[in-house]
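> Sequence plus the predicted model coming up.
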Amino acid sequence: MKHTKILCIAACGMLLSFSAQAQQDHNAMSTNADNTAVNNRDRNDSESTADQAQNDLSDRQIMQKIRKSVIADKSLSTYAHNVKIIAENGQVTLKGPVRSAAEKQTIERKAIKIAGADNVTNEMSIKGQN
């Protein structure tokens, strides 16, 4: 009899735990991503995006080199690792939110090192300031 009560109590505790976790998962899924507004802005036809690039080999290589450099820098946040890097005719545009001015500068420096100072436009924003 004692074992049955103990098992019943344990099972109830597990159900409550699963229920709480399910509620947390539901809440997390129902909230918007932090940069939803920025992504909506970038969907505007007048805004350039990576999928609009001409698919030129040199532009792809530039984007790839910058992306690898950014990803390799483990001091950068997930936001910084996910900035949009768009290259068209050798001109690079950096877009998206980052955590700080330092991250913004770091990514810009990496892009300039690869594409050249006259070829980089920094349109990144600092999260919370956009």
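Yep, it's here. As the structure is a computational prediction, the values presented were derived from the model and not from experiment.

> In terms of residue numbering, what are the domains of the protein?
Recorded structural domains for the chain (assignment: automatic domain parsing) are 1-31, 36-126.

> Those: lowest mean pLDDT?
When the domains of the chain are compared on mean pLDDT, domain 1-31 scores lowest, with a mean of 53.

> buried set for stretch 107-115?
Within stretch 107-115, the residues scored as buried using 16 or more other C-beta atoms under 10 Å are 107-108, 110-112, 114-115. Where you see a C-beta, it was placed from the backbone N, CA and C, and this is true even at glycine.

> That should have said stretch 64-71, apologies.
For stretch 64-71, by 16+ other C-beta under 10 Å, it's 65-67, 69-70.

> now swap in stretch 84-92 and tell me
84-88, 91-92.

> In strands, which of these appear?
84-88, 91-92 (DSSP state E).

> Identify the farthest-apart pair in those residues.
By the measure C-beta to C-beta, Lys84 and Gln91 form the most distant pair in those, at 14.0 Å.
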